[in-house]
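# coords below, sequence missing:
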């Protein structure tokens with residue numbers, strides 16, 4: 001099961017040195033196959049993204065993604081991008097840059113759209129209760145999505161903070177799980 005770390009300036013800082021230190025700690029503490037730089041607030045976004053990509057390469061993270069910014073991902077040598085649920089029109093642009101492309105999905109319509117556009121993987125969320133993300137979908141809905149879209153790599157996201165959450169997700173045959181707080 002893919003273990004997907006997502007950053008947040010609330011936990012990682014937007015100070016370059018502190019950011020690197022916090023990211024290194026997370027990468028040393030937990031197994032990480034995939035990582036995404038997600039920061040919608042910092043003024044030094046590009047500098048932080050570069051530190052993120054370089055640090056993930058040092059730790060041999062297999063999939064290094066930036067959130068939303070596929071051109072920057074390509075420019076900095078990341079091998080992927082995680083698009084928001086408002087960026088379906090950008091899937092082909094990202095794939096044209098040969099980027100591994102993930103998109104956030106929250107319902108069947110999103111998933112159908114992603115599948116038609118030959119996405120590499122989706123995140124489906126929120127699975128568990130998480131701040132400001134609405135009603136949790138739950139494990140049974142996740143299982144239903146995975147069964148309905150067997151040829152699609154579905155990554156569970158939202159409220160995944162402990163080993164109990166991971167055990168429940170592992171029973172669904174999800175491609176993996178993604179989290180911010182699990183890796184803190």
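On my side now, so go ahead. Everything numeric here is computed off the predicted structure, so don't read it as measured data.
# show the model's pLDDT score for residue 133.
The score at residue 133 is 68. That number is its pLDDT.
# okay, and residue 64 sits in which element?
Here residue 64 is covered by strand 63-67, with elements defined by DSSP states H and E.
# sheet partners, orientation included, of that strand?
Partners of strand 63-67 in the sheet, by DSSP bridges, are strand 34-37 (parallel), strand 80-83 (parallel).
# averaged pLDDT, the following helix or strand past that strand. What do you get?
Using DSSP H and E, the helix or strand that follows strand 63-67 towards the C-terminus is helix 70-76. Regarding helix 70-76, the rounded mean pLDDT is 98.
# closest to residue 147 out of the strands paired with strand 63-67?
Of all the strands paired with strand 63-67, it is strand 34-37 that lies closest to residue 147, at 23.0 Å by C-beta to C-beta. For every residue, glycine as well, the C-beta is placed using N, CA and C.
# neighbouring contacts of the very next helix or strand once past the closest one?
The element immediately downstream of strand 34-37 (helix or strand, assigned by DSSP H and E) is helix 45-58. Helix 45-58 has contacts (C-beta atoms under 8 Å, 6 or more residues apart in numbering) with 7, 14, 16, 19-20, 23-24, 27, 35, 37, 39, 42, 64, 66, 69, 72, 76-78.
# how about residue 137: what's its closest non-neighbour residue?
Using C-beta to C-beta, 6 or more residues apart in numbering and skipping residues adjacent in sequence, the residue nearest residue 137 is residue 127, 5.7 Å away.
# thought the one you found was touching residue 140?
No. Judged on C-beta atoms under 8 Å, residue 127 makes no contact with residue 140 at a distance of 10.4 Å.
# with neighbour numbers in mind, choose between those two.
Counted by other C-beta atoms under 10 Å, residue 127 and residue 140 do not tie: residue 127 has more neighbours, with 27 against 9.
# strands of the chain, residue ranges please.
With DSSP state E as the criterion, the chain has strands at 2-6, 34-37, 63-67, 80-83, 100-105, 121-124, 154-157, 176-179.
# what's the closest of these to residue 165?
That would be, of the strands of the chain and by C-beta to C-beta, strand 176-179, which comes in at 7.7 Å.
# summarise which helices and strands the closest one is packed against.
strand 2-6, strand 34-37, strand 154-157, helix 163-170 (3 or more C-beta pairs under 8 Å, 6 or more residues apart in numbering; DSSP states H and E).
# can you add mean neighbour count and mean pLDDT and give those back as JSON lines?
Below are the helices and strands packed on strand 176-179 laid out as JSON lines (neighbours: other C-beta atoms under 10 Å; pLDDT from 0 to 100):
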{"stretch": "strand 2-6", "mean neighbour count": "22", "mean pLDDT": "98"}
{"stretch": "strand 34-37", "mean neighbour count": "28", "mean pLDDT": "99"}
{"stretch": "strand 154-157", "mean neighbour count": "28", "mean pLDDT": "98"}
{"stretch": "helix 163-170", "mean neighbour count": "15", "mean pLDDT": "97"}
